[in-house]
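Colleague: Fold the stuff below for me.
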Amino acid sequence: MSDRRVVVTGLGAVTPIGNDVKTMWENLLAGNSGIDFVTQVDKDEFPAKVAAEVKDFDPTLFVEKKDARKMDPFTQFAVAASKMALKDASLEITEDIAHRVGVWIGSGIGGMKTYEEQFRKFIDKGHKRVSPFFVPMMIPDMAAGQVSIQTGAKGINSCTVTACASGANSIGDAFKSVQRGDVDYMIAGGTEAPITNMAFAGFCSAKALSFNEDPKTASRPFDKNRDGFVMGEGAGILILESLESALARGAHIYAEIVGYGATGDAYHITAPAEHGEGAARAMQHALRDAGLQPEDVDYINAHGTSTDLNDKFETEAIKTIFGDHAYKLAVSSTKSMTGHLLGAAGGVEAVISVKAIEDSVLPATINYETPDPDCDLDYVPNEARKQDVNVVLSNSLGFGGHNVSLVFKKYQ
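Modeller: Numbers count the residues shown, from 1 in each chain. Just a heads-up that it's a prediction; the model follows:
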């Protein structure tokens, strides 16, 4: 059986710059940042003062109040984004198709808020006061589990945990499930709600976060004065389905997903491999899977975390694979506005990549002021750019040496 073509027919997002795709996209193109002083932890207790928090989110718009109480925020975000994506795709999951609809949603660290709250109860009041819902609220796969329960999807149900590559890995694996014919539809992406005392403390201790106290300029990917990433939260979900199914039901097709590459660095628990060697191989594999040449790519939505090593080595990796074309294509990091959503980053950035194709516009890298000799590509500085976009490559790179590249193409 030959591989099936797979298309994107629905989008959903909960982000620091908007709790739906339309609002997120409008803010992104306007260069509006969702970064501000952190409120979910006491900023006076930490060297990092800023975060990209989801604002004014009401889970009861998507689930019953009693159900929402049994979900950690990372699960609430996933359910909301998934229901928005299904509505956008005009896909009703009936009993006739339920077994052909799968869910693959990744999360890097799962229910941190739940873990901390229940641990405090355990320490203060003993084991009998720990909630019976503690474990099923905390485990990272519960976002996928709850989406399945809430939507009735009975196909493959999975969760990839690969740190900041979780969302992208999940989309890639979901893509292959549809391509092989295991299912006809997938609800796929990533979700994260990591802004808690322990997670914030851990990333501060690792000196991974920006200690810049100005929210407007703290996230500055590829800029010489970058000093770390800004932690964010949210979810990004795609509806993937076979082209045959999409055509049969007259669905709106945003784009086609055509390539998936995933590699390991085998190098270090947090630092990327020298010269971005692993990231380069992921991009190479994704292009080969897509049957495309480097010259076919118009835009790269970079991992671009605003950390010293990531931005330098990701730039080197792009040069390794794209050669002279690296200086002709556009590269930008939307984390300059959304912050770094960890396991949700690949999901949200996949949504952004698809919108770039649909609307023929390149989102900017804001806060780009001082060029870095090590980062010398076209990072679409500070303002979005209208341009025909046929092929987008999206990178996600995670602690543990996980590298993922996804390739999206204008549907023809």
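
Colleague: Distance-wise, check the closest residue to Gly401 other than its chain neighbours relative to Ala52.
Modeller: Nearest non-adjacent residue to Gly401, counting by CB to CB, 6 or more residues apart in numbering: Asp265, 3.0 Å away. In this view, the C-beta of every residue, glycine as well, is placed from N, C-alpha and C. To Ala52, Asp265 is 26 Å away according to CB to CB, to the nearest Å.

Colleague: Give me the phi and psi angles of the residue nearest to Gly234 when sequence neighbours are not counted.
Modeller: Nearest residue to Gly234, sequence neighbours excluded (CB to CB, 6+ apart): Thr15, at 4.2 Å. For Thr15, the backbone dihedrals (degrees, to the nearest 10) come out as phi -140, psi 170.

Colleague: tell me which residues of stretch 60-77 are tucked away?
Modeller: The neighbour-count criterion (16 or more other CB atoms under 10 Å) identifies Phe62, Val63, Asp67, Ala68, Lys70, Met71, Asp72, Pro73, Phe74, Thr75, Gln76, Phe77 as the buried residues of stretch 60-77.

Colleague: now that stretch: mean pLDDT?
Modeller: In this model, stretch 60-77 carries a mean pLDDT of 97.

Colleague: Just give me how far that stretch sits from the chain centre.
Modeller: 20 Å (CA atoms, centre = their mean, to the nearest Å).

Colleague: ok, and what's touching it?
Modeller: The contact list for stretch 60-77 (CB atoms under 8 Å, 6 or more residues apart in numbering) reads 14, 54, 57, 59, 79-80, 83, 107, 110-114, 133, 136-138, 140, 142-143, 146, 150, 191-194, 233-235, 344.

Colleague: shaky segments in the protein?
Modeller: In the predicted model of the chain, residues 1-2 satisfy pLDDT under 70.

Colleague: quick one: the helices in it?
Modeller: Using DSSP state H, the helices of the chain run over 21-30, 65-68, 73-88, 112-125, 134-138, 142-151, 166-180, 197-205, 243-248, 277-290, 308-322, 335-338, 345-359.

Colleague: which one of the ones you listed lies closest to Thr370?
Modeller: Of all these, helix 308-322 sits nearest to Thr370, with 12.7 Å by CB to CB.

Colleague: Give me the packing partners of the closest one, helices and strands only.
Modeller: helix 277-290, strand 391-398 (3 or more CB pairs under 8 Å, 6 or more residues apart in numbering; DSSP states H and E).

Colleague: which of those sits most buried?
Modeller: Among the helices and strands packed on helix 308-322, the stretch with the highest mean neighbour count (mean count of other CB atoms under 10 Å) is strand 391-398, at a mean of 29.

Colleague: partners of it in the sheet?
Modeller: Strand 391-398 pairs in its sheet with strand 299-301 (parallel), strand 402-409 (antiparallel), by DSSP bridges.

Colleague: will you turn those into CSV that also has mean neighbour count and distance to Gly339?
Modeller: Below are the strands paired with strand 391-398 laid out as CSV (neighbours: other CB atoms under 10 Å; distance: least, CB to CB, whole Å):
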stretch, mean neighbour count, distance to Gly339
strand 299-301, 27, 15
strand 402-409, 28, 19
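
Colleague: out of the ones you listed, which comes closest to Leu29?
Modeller: Minimum separation from Leu29 across the strands paired with strand 391-398 (CB to CB) falls at strand 299-301, 13.9 Å.

Colleague: what residues does that closest one touch?
Modeller: Contact partners of strand 299-301, identified using CB under 8 Å, 6+ apart, comprise 318, 329-334, 349, 352-353, 356, 362-363, 387, 389, 391-395.

Colleague: just stretch 132-148 next, same as before
Modeller: 70-72, 74-75, 77-79, 82, 103-111, 114-115, 118, 131, 153-154, 157-159, 161, 187, 191, 235, 343.
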